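Asker: next input, structure requested:
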Amino acid sequence: MKYINIASVLGLLAHTVYGAAIPMNVEERQIQPISTVTGSAGTSYIYALASPIPANIASQLAAAVSAVPTSTIGVLPDGGVQTSTPVVEEVPVASDPAPRPYTGGYRNVGYYGTWYIYARNFKPSDIIASQWTHMLAGFWDINASGEIKPKDSWSDIEITTLGSASTAQGAVNGIFEQMFRLKNENRNLKIMLSVGGWLATSEGQWGIALGTPEKRNTFARSAARTVIDLGLDGIDFDWEYPRNDVETAAHVDTLRLLRQELDAAGNTLGVDRPLLLSMAAPIGPHFITTINIPEINKYVDFFNLMAYDMGGAGFSKVSTHAANFFMATDGSTEFCFVNGFEMYLAAGVPASKLNVLGPIYGHSFAGTDGPGTPFTGAGFSTWGETDVADYSLIPLGDDNMLFEDEKIMAAWTYNKFTRQMISFDTPKIVRLKTQYLMSRGVGGIGFFATNADKWTTADNLVNTALETLGGISVLEQVDNHVAYKESKYPNIRVYDGVKITPGKVLIGASTP
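Answerer: Predicted structure coming up:
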């Protein structure tokens, strides 16, 4: 079966590397497999090749796929820092949780950063609740003993100026009070707490914070307790980049414990709807090989594939597309979404458990002659000293020429006078991507930076994706939880009935 999975990956990647046989217009013709093979790991799709795979490419791709972990790594350290001769322990062997059936309908998953209430002035009430099935709010961190904690308690649970804050003794306020009220306005909206994030995990902090069984147990228990206290629907785990085998094992063990504690906490809610567990999942093959996909698949309800940040001025060697689905032939892509997507399928994850998240922002490059050429640094930014620009603020028109490549599914602007390039997704590219994802049978779509969209029906990226799926009526319909009798906060134990006044609505189509 492993040979079949590798062949499936190599077949599709041959398309992407050499640009052969990829439809120029996905709206007219979808990519179709010439055959399928169904086994214990699911269905493998084999695609026709325009030409044989060169030996050097085939060997590289086979090595990448075979490097995906296929079983739990059996060592964990007593302490959080790995040494040349680490003290190890056996990973607890857990029975496989009962499979969770796919409910049908698409998930639409958004990330809400709790810092949005500051300079961006984007409050929970600005979320158009009807667009989403799941909203991931965060990020929260871990203290020295392993307990979960907010990065900014003022914004998250204290501020009282976000709208009709509860004055009950001991009430929770802040963003999470508003998120709970939002759930009562749309019972199909599940709010999950995101813990971690790139800044908390990129330098190995969580390898230390979750480096012992005691800390992992403490973290899992406190996370489940926080879900009940804040009236949430689950946890989104964002330890994105384990660095070595020891951290990979700790990553899996933390998810195992989270699943265990969330299931126990869910039993207190009195309804037959489990609390949810998801994971922010890398799309770069070099990062995918550091996580144990088959073991993770036992514990998470779905994976949120981060189909963005594939290129940027802070880490790319040339001006690179940041969210391309396929490979380019001009050196402007370092890797692509489909490479990583096929690796999850090859590791046994059904497409219905994969949500594919795109960016509502762009990456900029200064001092460049365009895609695939050198650059001198970051260009236009709305995120401080970075190369990142909100989609709604990216300059268009005048000398900023827009390019949309249907073959690789990427867009960018280039200004030949300022020599600046910005890579981002347009409504056209989002439409093409969504059509492709539908053809591959994914369970959901999603977006990062919900604050950065445009608020017209024609330009709103989320609306574009939803219309392509078939409208809000095709979204998954599963009620959220609203009864939390064991919460420590009185306004979560009993909803106070305060309505959310929408801050954003989509207006009519924009004029060209």
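
Asker: distance of residue 447 relative to residue 324?
Answerer: Note on residue 447: its distance to residue 324, by C-beta to C-beta, to the nearest Å, is 17 Å. C-beta coordinates here come from the backbone N, C-alpha and C atoms, glycine included.

Asker: so for those two, which sits in the more crowded spot?
Answerer: Ranked by neighbour count (other C-beta atoms under 10 Å), residue 447 and residue 324 place residue 324 first, with 31 against 25.

Asker: distance check, that one against residue 407.
Answerer: Note on residue 324: its distance to residue 407, by C-beta to C-beta, is 10 Å.

Asker: tell me who's in contact with residue 107.
Answerer: By C-beta atoms under 8 Å, 6 or more residues apart in numbering, the contact set of residue 107 is 133, 134, 302, 355, 443, 444, 445, 446, 475, 476.

Asker: go through these and name the one nearest residue 212.
Answerer: residue 302 (28.4 Å; C-beta to C-beta).

Asker: OK, contacts around that closest one?
Answerer: By C-beta under 8 Å, 6+ apart, the contact set of residue 302 is 107, 278, 353, 354, 355, 443, 444.

Asker: and if we set it to 7 Å?
Answerer: With contact taken as C-beta atoms under 7 Å, 6 or more residues apart in numbering, residue 302 is in contact with 107, 278, 353, 355, 443, 444.

Asker: was I right about the fifth one contacting residue 352?
Answerer: Yes: judged on C-beta atoms under 7 Å, residue 443 makes contact with residue 352 at a distance of 4.0 Å.

Asker: who's more crowded, those two?
Answerer: Using other C-beta under 10 Å, the more surrounded residue of residue 443 and residue 352 is residue 443, with 22 against 18.

Asker: could you verify my assumption that residue 360 touches residue 452?
Answerer: Yes: Residue 360 lies in contact with residue 452 (C-beta under 7 Å); the separation is 4.5 Å.

Asker: list residues touching both of the two?
Answerer: Common neighbours of residue 360 and residue 452 (C-beta under 7 Å, 6+ apart) are residue 391.

Asker: identify the residue nearest the geometric centre of this protein.
Answerer: Closest residue to the average C-alpha location of the chain: residue 304 at 3.7 Å, with C-alpha atoms, centre = their mean.

Asker: hang on, residue 446 in a helix?
Answerer: No: counting by DSSP: H, G, I helix; E, B strand; the rest coil, residue 446 is not part of a helix but strand.

Asker: quick check: closest non-adjacent residue to it.
Answerer: With C-beta to C-beta, 6 or more residues apart in numbering as the criterion, residue 446 has its nearest non-adjacent residue at 3.4 Å, and that residue is residue 109.

Asker: how about residue 427?
Answerer: That would be residue 464: by C-beta to C-beta, 6+ apart, it lies 4.3 Å from residue 427.

Asker: residue 262: what secondary structure?
Answerer: What three-state DSSP gives for residue 262 is helix.

Asker: what is the helix or strand containing residue 438 packed up against?
Answerer: Here residue 438, judged by DSSP states H and E, is contained in helix 427-439. With contacts taken as 3 or more C-beta pairs under 7 Å, 6 or more residues apart in numbering; DSSP states H and E, helix 427-439 sits against strand 354-359, helix 461-469.

Asker: tell me which of these is the most buried.
Answerer: With neighbours taken as mean count of other C-beta atoms under 10 Å, the helices and strands packed on helix 427-439 reach their highest mean count in strand 354-359, at a mean of 24.

Asker: give me the contact list for it.
Answerer: By C-beta under 7 Å, 6+ apart, the list of residues contacting strand 354-359 reads 107, 109, 302-308, 322-323, 344, 424-425, 430, 433, 437, 442-449.

Asker: quick check: next helix or strand after the host helix or strand of residue 362?
Answerer: According to DSSP H and E, residue 362 maps onto strand 361-366. Counting by DSSP H and E, the next helix or strand C-terminal to strand 361-366 is strand 388-390.

Asker: who does that following strand pair up with?
Answerer: Strand pairing for strand 388-390, determined by DSSP bridges: strand 361-366 (antiparallel).

Asker: and residue 498, what is it in contact with?
Answerer: Here residue 498 is in contact with 164, 181 (criterion: C-beta under 7 Å, 6+ apart).

Asker: ditto for residue 349
Answerer: Residues in contact with residue 349 (C-beta under 7 Å, 6+ apart) are 293, 297, 303.

Asker: how many neighbours does the second one have?
Answerer: It refers to residue 297. Neighbours of residue 297 (other C-beta under 10 Å): 19.

Asker: next, give phi and psi for the nearest residue to it once chain neighbours are set aside.
Answerer: Spatial nearest neighbour of residue 297, excluding adjacent residues (C-beta to C-beta, 6+ apart): residue 349 at 5.3 Å. Main-chain torsions, residue 349, degrees, to the nearest 10: phi -80, psi 120.
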